[in-house]
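Q: kindly return the folded structure for what I paste below:
(chains A and B)
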Protein chains: 2
Amino acid sequence: MIYDCAVIGAGPAGLSAAINLAQTNRSVIVFATKEEDSAIYKAPEINNYLGFFGVSGKELLRSFYEHAKKYNIEIINRKVINFYKSGSIFTINANNEFFEAYSVILAIGTPKKTLLENEAEFVGRGISYCAVCDGMLYKGRVIAVVGESVEAEEEAEYLSELAKKLYYIPLYKKNEFHFKDNVEVVLSRPKGVYGEDFVNAIELEDKILNVDGIFIIRKTMPADQLIYGLEFTEDGHIKVDKNMQTSIEGLFAAGDVVGRPYQVAKAVGEGQIAGLSASGYVKRIKEALTKKD
Amino acid sequence: MIYDCAVIGAGPAGLSAAINLAQTNRSVIVFATKEEDSAIYKAPEINNYLGFFGVSGKELLRSFYEHAKKYNIEIINRKVINFYKSGSIFTINANNEFFEAYSVILAIGTPKKTLLENEAEFVGRGISYCAVCDGMLYKGRVIAVVGESVEAEEEAEYLSELAKKLYYIPLYKKNEFHFKDNVEVVLSRPKGVYGEDFVNAIELEDKILNVDGIFIIRKTMPADQLIYGLEFTEDGHIKVDKNMQTSIEGLFAAGDVVGRPYQVAKAVGEGQIAGLSASGYVKRIKEALTKKD
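A: Coordinates of the predicted model:
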């Protein structure tokens, strides 16, 4: 099945986009990370989303999910690793499961800087973001896994079955780790990536580790790694026009990722515009495809 | 008292702006027309404002008013006729009562075309929008009153006490009118205004009436009549930057008046941006004024 729209992110912007697509009779799939990862989830009280007063971020997010449920919107907990456009179809790699859609909306929250020096250069040449996608390439090799959150440990476990030696570098605080014997937990901040044609080392604050590959497991992927050719503003947000379309036709963005203020109402409003714009775009695309046939 | 911000319009955009100003500790006054005049009020069901499902426009608007009440926001039912900026202070004429504010937010709903041919040219030279403001100028003269809604009859009654002869031209459907004897109800559509230095006639579909002045009583004033120097987009919306500031510093706009889609979530999101932008602007203005002293 080709979805009318794939929405990446299930915060206020993503869910607003999704309900607006559903209301205009478009099929939509939403890729979510864990609820707890949403910035809104941690807010003790939100008073400036019109119509709700004195609610916690968690409660507000719950109302948003309830709303999406009324439309039977398909929300799946899979991290999107990257996606590309071929002809008028987007193909989305969600941790090695592939989905197709006529349009995509990026609602992935506050923009994150690419973490390590030289990281972007070595993507596909020793830098990977997905254990199940690329793990087999490193069978019997020495690798490092940088984990942004505790969920990354699962991917590290999977990789430790394949690798000869695995350095696990957590970016979060935790005292005990239970890995196989070939895993060494290294408590140091990663700084950069080195190599020639291919990665051969990761630099930490206090040492350099020689490795054949580096898996960087983040809660969400930085936008510049998700798709090639996306344009950004000077302050690091995704550039969009007034219909919330990015520099790539059929790809829209909304919420914190397109600019400040990082607020719920702004995100919901932009999500609506993106959803309705995507809906109109899909209608035109499908009409054009029908004519061609 | 000089308000930090005057919000013109109490629909989704205006109320969202107001609560965001209140939350950042700014004093705010909201000018409202009747609730029933809001476009949202008539919507039988609204399903695409995230967090509310299956509510009527009336119910949703009621929730929005309740939210504003939590912040004790001052909402007054007075029509804004026009306003101007002098130094860093805006002065707002609300049916002949005057208010001052450091910033203004226009949230007046879908843009309306200026109604009559030549109308804009003759403003202040025989065209008036406010009976109590300009009535005395037409004492003993012949005038026409164009009424967009039944509320205009009250202003016509007031004017009939002053004028020698008054033609009342309703733009709405109604069978019986109870005016003084010097009032003639004319059931015809007005088309244009004629005169030389000053208005001397109003053209209707089927005749021309010689008059000394014309009062046009609309539910809300068109944006281009509210303040001089406002810039518009080609499709007739108020031009704003990404902070929702118009071509006039300290004057912001949000909601339907700045562009499509004419939807609640978009309006609420833009209202938030306008409110927070105005809040930041007022902070800077006040700091600058303090330094000057």
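
Q: which residue, neighbours along the chain excluded, lies closest to residue A:57?
A: Nearest residue to residue A:57 in three dimensions, chain neighbours excluded: residue A:43, at 3.2 Å (Cβ to Cβ, 6 or more residues apart in numbering or on different chains). Every residue, glycine included, has its C-beta placed from N, CA and C.

Q: could you list the domains of chain A?
A: Using automatic domain parsing, the domain ranges for chain A come out as A:2-112+A:221-292, A:120-217.

Q: can you give me the helices in the stretch 151-293 of chain A?
A: Applying DSSP state H, counting those that start in this stretch to the stretch 151-293 of chain A gives helices spanning A:152-160, A:223-226, A:264-292.

Q: the residue nearest to residue A:57: neighbour count?
A: Residues lying near residue A:43 (other Cβ atoms under 10 Å in any protein chain shown) number 16.

Q: now do the contacts for it.
A: A:56, A:57, A:60 (Cβ atoms under 8 Å, 6 or more residues apart in numbering or on different chains).

Q: who does the helix or strand harbouring the last one touch, helix- and strand-wise?
A: Okay, so that is residue A:60. Assigned by DSSP states H and E, residue A:60 belongs to helix A:57-70. Contacts defined by 3 or more Cβ pairs under 8 Å, 6 or more residues apart in numbering or on different chains; DSSP states H and E place helix A:57-70 against helix A:12-23.

Q: now the helix it packs on against helix B:264-292, angle please.
A: With axes from the mean of the first three to the mean of the last three Cα atoms, to 10 degrees applied, the angle from helix A:12-23 to helix B:264-292 works out at 150 degrees.

Q: tell me what helix A:12-23 is packed against?
A: Taking 3+ Cβ pairs under 8 Å, 6+ apart as the contact cut, helix A:12-23 packs with strand A:2-8, strand A:28-31, helix A:57-70, helix A:264-292.

Q: quick one: strands adjacent to the shortest one?
A: So that's strand A:28-31. Looking at strand A:28-31 with DSSP bridges, its partner strands are strand A:2-8 (parallel), strand A:74-76 (parallel).

Q: please identify the most buried of the ones you listed.
A: Scoring the strands paired with strand A:28-31 by mean neighbour count under mean count of other Cβ atoms under 10 Å in any protein chain shown gives strand A:2-8 as the most buried, with a mean of 24.

Q: so how far is that strand from its chain's centroid?
A: 14 Å (Cα atoms, centre = their mean, to the nearest Å).

Q: export it as PDB, just CAs?
A: Coordinates of each C-alpha in strand A:2-8 appear next as PDB, following Å, rounded to 0.1, in the frame of the first residue of the first chain:
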ATOM      1  CA  ILE A   2       1.100   3.500  -0.800                       C
ATOM      2  CA  TYR A   3       0.000   5.900   2.000                       C
ATOM      3  CA  ASP A   4      -1.100   9.300   1.000                       C
ATOM      4  CA  CYS A   5       1.100  10.700   3.700                       C
ATOM      5  CA  ALA A   6       3.700   9.500   6.200                       C
ATOM      6  CA  VAL A   7       4.100  11.800   9.200                       C
ATOM      7  CA  ILE A   8       7.400  11.500  11.100                       C
END
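
Q: before we move on, back to that, any idea which of the domains of chain A is most buried?
A: Taking mean count of other Cβ under 10 Å, domain A:2-112+A:221-292 is the most buried of those, at a mean of 20.

Q: against residue A:254, how distant is the one residue in the stretch 151-293 of chain A that gets nearest to chain B?
A: Residue nearest to chain B within the stretch 151-293 of chain A: residue A:269 (1.8 Å; Cβ to the nearest Cβ). Between residue A:269 and residue A:254 the distance, using Cβ to Cβ, to the nearest Å, works out to 9 Å.

Q: ditto for residue A:219
A: From residue A:219 to residue A:254 the distance is 19 Å (Cβ to Cβ).

Q: ok, residue A:45 - contacts?
A: So residue A:45 contacts A:54, A:55, A:56, A:57 (Cβ under 8 Å, 6+ apart).

Q: closest one of those residues to chain B?
A: residue A:54 (7.6 Å).

Q: ok, that closest one - contacts?
A: Per Cβ under 8 Å, 6+ apart, neighbours of residue A:54: A:45, A:47, B:70.

Q: tabulate the domains of chain A (TSV), appending mean pLDDT.
A: Below are those laid out as TSV (pLDDT from 0 to 100):
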stretch	mean pLDDT
domain A:2-112+A:221-292	95
domain A:120-217	95
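
Q: contacts for stretch A:172-179 next, please.
A: Stretch A:172-179 is contacted from outside by A:147-150, A:153, A:156-157, A:160, A:166, A:168, A:170, A:183, A:185, using Cβ under 8 Å, 6+ apart.

Q: need the residues you listed in TSV with distance to chain B, can you?
A: Putting these into TSV (distance: Cβ to the nearest Cβ, whole Å) gives the following:
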residue	distance to chain B
A:147	32
A:148	28
A:149	26
A:150	30
A:153	34
A:156	36
A:157	37
A:160	42
A:166	42
A:168	39
A:170	35
A:183	43
A:185	42
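
Q: what is the nearest of those residues to residue B:64?
A: Nearest to residue B:64 among the contacts of stretch A:172-179 is residue A:149, at 37.4 Å by Cβ to Cβ.

Q: which SSE is the closest one in?
A: Short version, using DSSP H and E: residue A:149 is in no helix or strand.

Q: so it versus residue A:57, what's the distance?
A: For residue A:149, the distance to residue A:57 - Cβ to Cβ - is 18 Å.

Q: burial measure for the nearest residue to residue A:193 once chain neighbours are set aside, as a count.
A: Nearest residue to residue A:193, sequence neighbours excluded (Cβ to Cβ, 6+ apart): residue A:118, at 4.5 Å. Per other Cβ under 10 Å, the neighbour tally for residue A:118 reads 15.

Q: residue A:118: what's it in contact with?
A: Applying Cβ under 8 Å, 6+ apart to residue A:118 gives the contacts A:192, A:193, A:194, A:195.

Q: I figured residue A:237 was touching residue A:111, is that so?
A: Yes - in this structure, residue A:237 is within contact of residue A:111 by Cβ atoms under 8 Å, at 5.8 Å.

Q: between the two, what contacts are shared?
A: With Cβ under 8 Å, 6+ apart as the test, residue A:237 and residue A:111 both reach residue A:257.

Q: now do the shared contacts for residue A:269 and residue A:254.
A: With Cβ under 8 Å, 6+ apart, residue A:269 and residue A:254 have common neighbours residue A:16.

Q: the stretch 51-200 of chain A against chain B: which residues are in contact?
A: Along the stretch 51-200 of chain A, the residues adjacent to chain B under the rule Cβ under 8 Å from any Cβ of the partner chain are A:51, A:52, A:53, A:54, A:60, A:63, A:64, A:66, A:67, A:70.

Q: among those, which pair sits farthest apart?
A: A:54 and A:70 (23.7 Å).

Q: after the host helix or strand of residue A:133, next one along is what?
A: Per DSSP H and E, residue A:133 falls inside helix A:131-134. For helix A:131-134, the succeeding helix or strand toward the C-terminus, using DSSP H and E, is strand A:142-147.

Q: okay, now the sheet partners of that next one, with direction.
A: strand A:165-170 (parallel), strand A:213-217 (parallel).

Q: for residue A:247, which non-adjacent residue is closest in space?
A: residue A:231 is the one closest to residue A:247 (Cβ to Cβ, 6+ apart), at 3.8 Å.

Q: got the phi and psi for that neighbour?
A: With angles defined as degrees, to the nearest 10, residue A:231 sits at phi -100, psi 150.

Q: go ahead and confirm it touches residue A:241.
A: No - here residue A:231 does not reach residue A:241: they are 10.8 Å apart, not a contact under Cβ under 8 Å.

Q: could you report the pLDDT at the residue nearest to residue A:193?
A: For residue A:118, the pLDDT comes out at 94.

Q: for residue A:49, name its beta-bridge partners.
A: Going by DSSP bridges, residue A:49 is paired in beta bridges with residue A:52.
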